[in-house]
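> How does the following fold in three dimensions:
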Amino acid sequence: MFLNILDLLTAAQSSPIHLVSANVGHKVTLHYFHDGNMGIQLLGYKQTFDKTFYHEFKDNPRFSVQSGKGIDHQRISDMQLSDSATCYCVNAYNDMVHFEDGAILIVKGTEITVIQQPVSESVQPGDSVTLNCTIHTETCAGEHSVYWFRHGSGESHPRIIYTNGDRSDQCEKSPKSCVYNLPKRNLSLADPGIYYCAVVSCGEILFENGTKLDIETGGTSYIFVYIYWILYCVKLYTVQVVCINKTYNADSLHYVALNLSNKKNRSRRQRSNMEEESVF
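The predicted structure follows:
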């Protein structure tokens, strides 16, 4: 039994999770896929942000399932604020249970609005930037819980990077609005991605489309620098080779001139010796 629980936890952590949002009163479809060759029993579970797993979809007319070969899509009609949760599709087969795809379902209300501002300037590694999340309220003045998610490139699903719990001391308050800031210091190449601000307030969970954070690596300028240094080194090498050749040619000319002068002197001495021999 303990090993089965470990298998369940491992499967749940490795299953991909995606974000789905809908407004109150609307309907949504959660798409689940599986191996169509297996005979399975589909079980629907949801996990709210403050509770554990429990079975809620059975015998509820708002929930229906569209089944087919390799698919089991769950439809939820007349969306309510309490539907906000992490939903999982669980396959039960031959006494084995496996967690399939999951979805973070966010139901948006009408009394609270969440706004995320885009990053106004380009950033580079080592820079600092502050992401902000503005909450506009109409009727509810209760406490807010803020969760920051980050979805990096190449990652299958977003993950929580920060939460303030039920604290509101980090909020810059004004009439009917509240601003939460997420400072990011000493940025690195591991920080780019889409940052989501999820707000839990007045019994509902809301989030915006996110703020995309791009970091410029300056790759183009580095390429030009490399090209410049390569050309400079090639030019320097060429100049050195030309100088060496010129020096070698000059030495050769001096050597030839020296040889010629030696030959001339030697010829004169030879002729003088011959004349002396002839005289004696």
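
> I215 pairs with what?
V123 (DSSP bridges).

> Point out where the stretch 101-250 of the chain drops to low pLDDT.
101, 109-112, 120-121, 137-143, 164-176, 202-204, 218-229, 232, 236-250 (pLDDT under 70).

> what are the ranges of the helices in it?
Ranges of helices in the stretch 101-250 of the chain, per DSSP state H, counting those that start in this stretch, are 219-279.

> Which segments of the chain make up each domain?
2-108, 112-213, 221-280 (automatic domain parsing).

> these two touch, right, H151 and G193?
Yes: the pair H151 / G193 is scored as a contact, 5.5 Å apart, by CB atoms under 8 Å. Yep, even glycine has a C-beta here, placed from its N, CA and C like the rest.

> and those two? which has more neighbours close in?
G193 (22 against 18; other CB atoms under 10 Å).

> how about the strands in the stretch 51-200 of the chain?
Per DSSP state E, counting those that start in this stretch, the stretch 51-200 of the chain carries strands over the ranges 63-68, 71-76, 85-93, 96-108, 112-116, 129-137, 145-151, 159-163, 171-174, 177-184, 193-201.

> Show me the one of those that comes nearest E208.
The closest of the strands of the stretch 51-200 of the chain to E208 is strand 112-116. By CB to CB, the value is 4.4 Å.

> Alpha carbons of the closest one, in PDB - could you do that?
What follows is strand 112-116 as a C-alpha-only set of coordinates in PDB (Å, rounded to 0.1, in the frame of the first residue of the first chain):
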ATOM      1  CA  ILE A 112     -12.400  41.900  -8.400                       C
ATOM      2  CA  THR A 113     -10.000  42.700 -11.300                       C
ATOM      3  CA  VAL A 114      -6.300  41.800 -11.500                       C
ATOM      4  CA  ILE A 115      -4.000  43.800 -13.800                       C
ATOM      5  CA  GLN A 116      -0.400  43.000 -14.500                       C
END
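
> Mind listing the strands that strand pairs with, and their directions?
strand 129-137 (antiparallel).

> tilt between the strand it pairs with and strand 145-151?
Counting by axes from the mean of the first three to the mean of the last three CA atoms, to 10 degrees, strand 129-137 lies at 130 degrees to strand 145-151.

> Residues contacting strand 129-137, please?
By CB atoms under 8 Å, 6 or more residues apart in numbering, the residues outside strand 129-137 that reach it are 111-117, 119, 123, 144, 146, 148, 176-184, 187, 195, 197, 199, 201-202, 208, 211, 213.

> Mind giving me the PyMOL select for these, buried ones only?
Applied in PyMOL, the following selects the buried portion of the contacts of strand 129-137 according to 16 or more other CB atoms under 10 Å:
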select buried, resi 112+113+114+116+123+144+146+148+178+180+182+184+187+195+197+199+201+202+208+211+213
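
> and I104, what are its bridge partners?
L19, T86.

> number of nearby residues for it?
22.

> Ok, G102 next?
Neighbours of G102 (other CB under 10 Å): 22.

> Was I right to think it contacts V90?
No: look at G102 against V90 with CB under 8 Å: they stay out of range, at 9.9 Å.

> For Q80, give its distance to H26.
10 Å (CB to CB, to the nearest Å).

> do V199 as well
Taking CB to CB, one finds V199 at 19 Å from H26.

> likewise L189?
On the measure of CB to CB, L189 and H26 end up 39 Å apart.

> what's the answer for L206, then?
Taking CB to CB, one finds L206 at 14 Å from H26.

> okay, these two: which has more neighbours?
L206 (22 against 13).

> Quick check: beta-bridge partners of the more buried one?
V199.

> is it true that it touches I106?
Yes: when contacts are counted by CB under 8 Å, L206 is listed as touching I106 (6.8 Å).

> Which residues are in contact with each of these two?
A198.

> I appreciate the help and will end here.
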